[in-house]
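Participant: Quick check, what structure comes out for this input:
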Amino acid sequence: MVINSLGTLLQKVYDKFIIKASDEDFTYKQDLVYEFFETAIGYSYKTTPHDLGYTLYTDNVVLVIFSTLETSGSVTLTINSDTYTIPLLTTDTTLGIANKIKTVIQTDWTVIIENGTYPVLTITKSGVSDITTTFVDTDSTNISLSVFRTYDGTMDENLDIDEIELISLNMKKAYIEYLLKPLSRLKTTLGTKDFNRLANKVDEYKTYSLMLKNLEEEIKDFRQEFYSYANV
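Facilitator: Residues are numbered from 1 along each chain as shown. You can find the predicted model right below:
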């Protein structure tokens, strides 16, 4: 995996955010955390003294096997220009499925399996800097398999502690907006009167709305610490 020692590791920013959003388990949700990061960069870039450009490593793909099959059959993996067909049985465990995938593709790719709550396969290849993968459940086995990146990378510059803090606060803002969005959509669909009959949803809506309001005030106050920011 590419390592750039000149800039702050993206993982350092992710970790700061995850501490702030400790009520959520982001295991196997790297793509979601990265979406929050991208949004937070948009919120933050005009304020920070350092440039917030970053380099995302694309030299890896991660597969997570969440379930066994309902019916036996084949699945298809395409990794860059290579296509592989993997026959699977309903008797295969999740780890067995991971090992079958590894057996088929390891002649062309380096595959590491981590067997935790769910088997995780990390796919890399020396000298290949951009790896993309698509998964097709060819025979409708109903296997539950997700494909994502690790979303590792580095900022182009080495950020100060307060800049990392600001980005992580804005990641939390994006996270609360993510939680609030389906409730706002439901309120719009039903209308305020009918929505107010859903006591649990109303409480959730109020809680997230208040959290968002308080966080926006915290961010506004925090931004005053940056010499390049002028509040208008």
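Participant: farthest residue from the center of the protein?
Facilitator: Most distant residue from the mean C-alpha position of the chain: Lys193, 35.7 Å away (CA atoms, centre = their mean).
Participant: Please, which helix or strand holds that one?
Facilitator: helix 192-195 (DSSP states H and E).
Participant: got it, and Asp203?
Facilitator: Going by DSSP H and E, Asp203 is part of helix 199-223.
Participant: cool, Leu166 as well?
Facilitator: Going by DSSP H and E, Leu166 is in helix 161-190.
Participant: can you give me the helices for this protein?
Facilitator: In the chain, the helices defined using DSSP state H lie at 10-20, 30-44, 94-105, 161-190, 192-195, 199-223.
Participant: right, and the ones you listed - which one's nearest Ser72?
Facilitator: helix 94-105 (11.6 Å; CB to CB). Any C-beta I mention is one placed from the backbone N, CA and C, and that applies to glycine too.
Participant: what about that closest one, distance to the chain center?
Facilitator: 24 Å (CA atoms, centre = their mean, to the nearest Å).
Participant: shift numbering so it begins at 49
Facilitator: Taking 49 as the first residue, the last one we looked at is helix 142-153.
Participant: Same question for that helix: list its buried residues.
Facilitator: Buried positions in helix 142-153, judged by neighbour count with 16 or more other CB atoms under 10 Å: Thr142, Ile145, Ala146, Asn147, Lys148, Ile149, Lys150, Val152, Ile153.
Participant: I figured the fifth one was touching Thr142, is that so?
Facilitator: No. The criterion here is CB atoms under 8 Å, and Lys148 misses it with Thr142 at 10.9 Å.
Participant: Can you pull the domain assignment for the chain?
Facilitator: Domain assignment for the chain by automatic domain parsing gives 58-104+208-271, 109-197.
Participant: Can you give me the neighbour number for the closest residue to Thr96 other than its chain neighbours?
Facilitator: Leaving aside its sequence neighbours, Thr96 sits nearest to Glu211 (CB to CB, 6 or more residues apart in numbering; 4.6 Å). Counted with other CB atoms under 10 Å, residues neighbouring Glu211 total 21.
Participant: before we move on, what about Gln272?
Facilitator: Neighbours of Gln272 under the rule other CB under 10 Å: 11.
Participant: mind checking how far it is from Leu231?
Facilitator: According to CB to CB, to the nearest Å, Gln272 and Leu231 sit 31 Å apart.
Participant: about what we covered before: kindly provide the distance from the residue farthest from the centre of the chain to Thr116.
Facilitator: Separation of Lys241 from Thr116 (CB to CB): 46 Å.
Participant: For this structure, give me the ranges with low pLDDT.
Facilitator: 49-53, 274-280 (pLDDT under 70).
Participant: If we use 80, what do you get?
Facilitator: Applying pLDDT under 80 to the chain picks out residues 49-54, 273-280.
Participant: The residue nearest to Thr96 and Ile89 touch, don't they?
Facilitator: No. Glu211 is not in contact with Ile89 according to CB under 8 Å; the separation is 11.1 Å.
Participant: circling back to that earlier point, against which helices or strands is the helix holding Asp251 packed?
Facilitator: Packing partners of helix 247-271 (3 or more CB pairs under 8 Å, 6 or more residues apart in numbering; DSSP states H and E): helix 209-238, helix 240-243.
Participant: Return the angle between stretch directions for the longest one and helix 58-68.
Facilitator: Meaning helix 209-238. Compare the direction of helix 209-238 with that of helix 58-68 by axes from the mean of the first three to the mean of the last three CA atoms, to 10 degrees and you get 60 degrees.
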